[in-house]
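S.K.: Got a sequence here, can you build the structure:
(chains A and B)
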Amino acid sequence: MKIVVCVKHVPDATAKRSFDAADHTVDRAGVDGLLSELDEYAVEEALTIAAAGDGEVVVLTVGPEQALDAARKSLQMGAHAAVHVVDDAVHGSDAFGTSLVLAKAVEKIGSDTSVDIVLCGMASTDGAMGVVPAMLAERLGLPQVTFAAEVTIDSTKVTARRDGDVATETVEATMPLVLSVTDQINEPRYPSFKGIMAAKKKTVETWSLADLGVDPSEVGLAASWTSVQEVAARPPRSHGEVVTDDGDGGRQLVEYLAGQKLI
Amino acid sequence: MSEILVLVDHVDGAVRKTTTELLTIARRLGEPSAVFVGAGIDAARETLAAYGADKIYILDSDALTDYLVVPQAEALAQLMASASPAAVLVPSTPEAREVAARLAVKTESGLITDAVDVQPGPDGSPLTTQSVFAGGFTVQASVTRGTPIVIVKPNSATPEQTAGAAVEETVDVVVSEGAKTAQVVKREPRTKSGRPELTEAAIVVSGGRGTGGDFSDVEALADALGAAVGASRAAVDSGWYPHSYQVGQTGKTVSPQLYVANGISGAIQHRAGMQTARTIVAVNKDAEAPIFELVDFGVVGDLKQVLPQATEEIARRKG
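M.R.: Numbers count the residues shown, from 1 in each chain, chains lettered A, B, ... in the order given. The predicted structure is shown next:
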């Protein structure tokens, strides 16, 4: 079985994230990045599925040079090989451009032996649109089972539990498919020392848009189907009053709420 | 005026509040047309008309509800082709988001997610506002290609009643066999808590690690305030409260009038889910907890003392 896991290198959420002043894109150079936390669950699930059969896990990432770190972390966790699509023309791509590049790369990865599962996290931790898995499935013409909180695989049948707002659903689909998983599905492993050493010997293929047959005019900021008019930092919340409870804290809290006409 | 499609969010015909918000937004942009998928239109008709739906498209076919996402995206693409709307507004549920994503690729239309406000731009097309990076930035955006498809968050508008003509049109749905790939084989409705729905509630009272696993004080305060109960990721990961109540980056985003955080430190991942609340109040034992940087009012103290006293005081004031 061949599993492709799509992972994203994102700015660290605990660092000071910002936007490029000139073109309103996320500033990826001025801040430390890492493998998007939500993608770790996808890598873990891929490794679990692969271990149960005789599976191969290929990790796929799109982004500038430093995005390779996300792929490398996945290799350290145990993925077998990695593909890094890097091309200046990709800068500023929205979900449409990104899903196009991912789709072409998945097709190329599957050109020798076909891909059975494309695994994704539920969303990135920077853009957080959560729509790339669905767009990727649409572009690949594959079924999608998304936001899975539990997955079982029986031959080519994939059964997943989805916890929705109003109901819990059990969904069935047949491979090949696009599968996205939530942070409820597993506990991602930490790379072991052995894993870190082994990762150094694993193959990382670097592909350009030309390798994928993608016309640079179809991706990037200029090809985006949406346009950001303005970006403004939210003014910091003004510090309110903080009291220390000396036996009257609950009443003081209610007094405040009453003063604000909230009760 | 041009037509604005609003995808109705409902449970067996019971229209959720977010739909009335979307209809209100649609009225700013053009003539609202409600798109009702599934069974239960008899229960929904009155609400849709009261909040200004000029038209109601009814798409009722088992294929649309028995299979995930793809059939709905196909059906909506057909409707977009025949109705030529000026924009499509979609609620921010996981399924609707993905229907919108597929629809956008199918119709080569720009998609905006997580709008917290939508207004007509200079040319009349939607100008959206989003809150990004854990609420640290505000972004204004518009769609530059195709028909704007906008996913709108709950509490993005105050629903306004305006009678709409609500002319009904049943749409014949053609769903391809290829779309019937991911089948919903079982659907178990969630047990109702009797409290307001988390993302729609005007007040949210939530608990974290500091509860030590006992949410009874949090729930009692929530009930005194008529509030929804939320939980931090730490509390959910410890198995103290179900994941569907998690507030934060990997859970729900709430934007209530009042958010009361109890025993929650206020990590960036939690802030991402509640920072846009109008008023924030916190109770925490640790005076250094980052949550106190956000609060309008905070109490440094043991929630097991503070919350019952607050609950009692609210009851006393209500008489």
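S.K.: how about stretch B:71-84 as PDB, C-alpha atoms only?
M.R.: Extracted in PDB, the C-alpha atoms of stretch B:71-84 (Å, rounded to 0.1, in the frame of the first residue of the first chain):
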ATOM      1  CA  PRO B  71     -23.300  15.200  -4.300                       C
ATOM      2  CA  GLN B  72     -24.100  18.500  -2.600                       C
ATOM      3  CA  ALA B  73     -21.200  20.200  -4.400                       C
ATOM      4  CA  GLU B  74     -22.500  18.800  -7.700                       C
ATOM      5  CA  ALA B  75     -26.000  19.900  -7.000                       C
ATOM      6  CA  LEU B  76     -25.000  23.400  -6.000                       C
ATOM      7  CA  ALA B  77     -22.800  23.700  -9.100                       C
ATOM      8  CA  GLN B  78     -25.900  23.000 -11.200                       C
ATOM      9  CA  LEU B  79     -27.900  25.500  -9.300                       C
ATOM     10  CA  MET B  80     -25.200  28.100  -9.700                       C
ATOM     11  CA  ALA B  81     -25.200  27.500 -13.400                       C
ATOM     12  CA  SER B  82     -29.000  28.000 -13.700                       C
ATOM     13  CA  ALA B  83     -29.500  30.800 -11.100                       C
ATOM     14  CA  SER B  84     -26.300  32.800 -11.800                       C
END
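S.K.: Please see if that stretch touches chain A.
M.R.: Yes. Applying Cβ under 8 Å from any Cβ of the partner chain, one finds stretch B:71-84 touching chain A at B:Ala73. Using the backbone N, CA and C atoms, a C-beta is placed for each residue, glycine as well.
S.K.: can you give me the mean pLDDT across that stretch?
M.R.: Averaged over stretch B:71-84, pLDDT sits at 95.
S.K.: Stretch B:193-209 too?
M.R.: On average, stretch B:193-209 scores 91.
S.K.: quick one: buried residues of it?
M.R.: B:195-201, B:203-209 (16 or more other Cβ atoms under 10 Å in any protein chain shown).
S.K.: Next one, pLDDT for A:Lys108 please.
M.R.: 97.
S.K.: Does it fall in a helix, a strand, or a coil region?
M.R.: helix (DSSP: H, G, I helix; E, B strand; the rest coil).
S.K.: Could I get the contacting residues of the closest residue in space to it that isn't next to it in sequence?
M.R.: Excluding its sequence neighbours, the residue lying closest to A:Lys108 (Cβ to Cβ, 6 or more residues apart in numbering or on different chains) is A:Leu212, at 6.0 Å. Residues in contact with A:Leu212 (Cβ atoms under 8 Å, 6 or more residues apart in numbering or on different chains) are A:85, A:101, A:104-105, A:108.
S.K.: Can you list which of these are found in strands?
M.R.: A:Val85 (DSSP state E).
S.K.: re earlier: how far away is the residue nearest to A:Lys108 from A:Leu60?
M.R.: Counting by Cβ to Cβ, to the nearest Å, the separation of A:Leu212 from A:Leu60 is 11 Å.
S.K.: any residues in contact with both of those two?
M.R.: What both A:Leu212 and A:Leu60 touch, as defined by Cβ under 8 Å, 6+ apart, is the set A:85, A:105.
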